[in-house]
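**Student:** fold the following for me, if possible:
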Amino acid sequence: MFAAGALLLSPWQQTRAQDFPQVEIRLSRQTNTLYNIFNQVSRQTGYFFIYDSELVDSDQVIRIGNTRQDLRSFLEELLNDPRLGFRIIDRHILIYRAPEVVLPEALQSLPVPAPDPFITLQGRVLDMQTGTPLPWSSISIAGKPIGVPANADGIFRMRIPVEYAHDTLAFSHLGYSTRWLPVQLLKEGFSDVGLEMIYISLQEIVITYFDPREVLLRALAARSQNYPVSAVNYLSFYREGILQEDQLLNYSEALLREYAPPWDSRQNSQAMLYKSRNIASEDRQDTLIFKLKAGLQSAIDLDLIRNAPDFMDPEFLNDYNFKPAGLVITDNGLAYVIDFEQKEHIREPLHKGSIFVDKTTLAILKVEFEINRRNIRRIQSRFIPRQSPTHVTQILSASYFVQYQPWQDRYHVSHVRGEIQLRARRRNRLQWSEYKVFFERAVVQVQTENVSRFRRRDTFRTQTIFADQDFSYDPEFWGEHNFITPEREIDQALQRINGIIESRVFD
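**Tutor:** Below is the predicted model of the structure:
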């Protein structure tokens, strides 16, 4: 007999009995990153790799000789870590660190933790070939109105109920093939998920020349076929913040229940605060204090289907030049890309950017735009209504991003972001300090049944300044709810900030 706890099995031994692809790997002698070697193996075998980037350093440079051996032996030799194991799920090879297996006698003495009713999935969405992050990628559960966007670094975090453990996740980004992964693959840790760029043939580009203005007018005429004609409730996550260089001055977050009327209704949208919190720096010596007013209202107004800007309003289209900018791949096929910019003779700063229109449905999928920087200071008072008597402040840029995702037979706003760049200096000094003000809203759940307006006393005034309350940052504050993971620069700033603790939870 073995003593209790003495029997330990390596992950290699545990996975020996599993069905493993019986394929031979042939690679030439090379010095390359682990990431690129995995890609070569995927092209030969048709199997894709999923792994926790904390366990497997995909940027590690490895030298291999001329190789001709079976896949399992090759991977064991390549990784050279007996603590790592393999699991085959569909056409994917999961690389993971398996727990040690001990005898039942030892297990009986260990406390059994209460099961978590939610699964946390987290990782990063990358270009499969280059390894570069894909910002604002969409991650959702197939067939369910639950999703979350990746942040500017391609990083995502998603909490889903355990009953969805055997469902499938959809990872999408315009211009890339949607990737479908079983939830089981992402349960082991922080995973890098690569998406493959799809190229459009030259023949198709030549054949599909289009009139951009005509496409846009047809898309506007098709709004009733593509967007909600009945009221909808959204559960959404909102955040805003102000940075001076790399210092975070304040940062606010909220979880909202929203009432959104039909796209063409004159009713106002409503927001009901479920949870909110803010962190503000106590170290503000010699710092100009900014407060973002009506950030939430701006995020709601950025639903451009309900609140058409001038470049999507037939009455003002003559103020703009539109030109075709090609085609991109979407989940359903192709999308037109329309670039627009104000005409040269118009001196007031208008907008410039790109509109993405689905080729089949004519749904507007995404809009990226900014206020024309050429004369943006002409409208500076719209952004800075009150100048500080001790500082000179100038606006540098204002850019926006709006994205829509399909649910059932309609497209819903899924992610909006606004970012304003400023600079300021004391009136008696020459040195400027740069500031970034941002706000962002992500719809994490859609409800189309039993929808009703909120009682007036329950609604939240969206003109409120969130930055007037304080808290200490804790990512677990949101519990089971989904939120946008802070970008690397924000996350680092949150760790440095010295704030006052306060949070608010609403019934």
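**Student:** can I get the lengthiest helix in the chain in CSV, CA atoms only?
**Tutor:** In terms of residue count, the longest helix belonging to the chain (DSSP state H) is helix 34-45. In CSV, the C-alpha atoms belonging to helix 34-45 read as follows (Å, rounded to 0.1, in the frame of the first residue of the first chain):
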residue,chain,number,x,y,z
LEU,A,34,6.8,29.4,-29.3
TYR,A,35,3.8,31.3,-30.6
ASN,A,36,5.0,31.0,-34.2
ILE,A,37,5.9,27.3,-33.7
PHE,A,38,2.3,26.6,-32.5
ASN,A,39,1.0,28.4,-35.6
GLN,A,40,3.0,26.1,-37.8
VAL,A,41,1.8,23.0,-36.0
SER,A,42,-1.8,24.3,-36.3
ARG,A,43,-1.5,24.7,-40.1
GLN,A,44,-0.2,21.2,-40.4
THR,A,45,-2.7,19.5,-38.1
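**Student:** quick check: mean pLDDT across that helix?
**Tutor:** Helix 34-45 carries an average pLDDT of 90.
**Student:** give me the residues contacting it.
**Tutor:** 21, 23, 25-27, 30, 47-49, 56-62, 64, 71, 74, 78, 128-129, 131 (CB atoms under 8 Å, 6 or more residues apart in numbering). All C-beta spots, glycine's among them, are computed from the backbone N, C-alpha and C.
**Student:** ok, now stretch 369-387?
**Tutor:** For stretch 369-387, contacts defined as CB under 8 Å, 6+ apart pick out 309, 311, 340-342, 347-354, 393-400, 420, 422.
**Student:** which among those count as buried?
**Tutor:** 309, 311, 340-342, 349-353, 393, 395, 398-400, 420, 422 (16 or more other CB atoms under 10 Å).
**Student:** so which of the residues you listed belong to helices?
**Tutor:** Using DSSP H, none of the buried ones among the contacts of stretch 369-387 sit in helices.
**Student:** thinking again about what came up before, the contacts of stretch 369-387 in strands, which ones?
**Tutor:** Members of these lying in strands (criterion: DSSP state E): 340-342, 351-354, 393-400, 420, 422.
**Student:** who's in contact with stretch 211-227?
**Tutor:** 263-264, 305, 308, 312, 314, 317, 322-324, 336, 338-340, 355, 357, 361-364, 410-412.
**Student:** please repeat the previous calculation with a cut-off of 7 Å.
**Tutor:** 263, 305, 312, 314, 317, 322-324, 336, 338, 355, 357, 361-364, 410-411 (CB atoms under 7 Å, 6 or more residues apart in numbering).
**Student:** likewise for stretch 140-150?
**Tutor:** Against stretch 140-150 from outside (CB under 7 Å, 6+ apart): 125, 135-139, 156, 158, 160, 164, 167-170, 180, 405, 407, 414-415, 442, 444-446, 482, 484.
**Student:** repeat for stretch 346-359
**Tutor:** 174, 215-216, 219, 309-311, 319, 325, 328, 330, 332-342, 364-372, 374-376, 378-379.
**Student:** what's the end-to-end length of it?
**Tutor:** 31 Å (CA to CA, to the nearest Å).
**Student:** quick thing: my sequence starts at 12, can you match it?
**Tutor:** Okay, using 12 as the starting number, the last item reads as stretch 357-370.
**Student:** what mean pLDDT does it have?
**Tutor:** For stretch 357-370, the mean confidence score works out to 94.
**Student:** go on, stretch 92-104?
**Tutor:** Here the average pLDDT along stretch 92-104 is 85.
**Student:** what element comes up after the longest helix of the chain heading to the C-terminus?
**Tutor:** strand 59-62 (DSSP states H and E).
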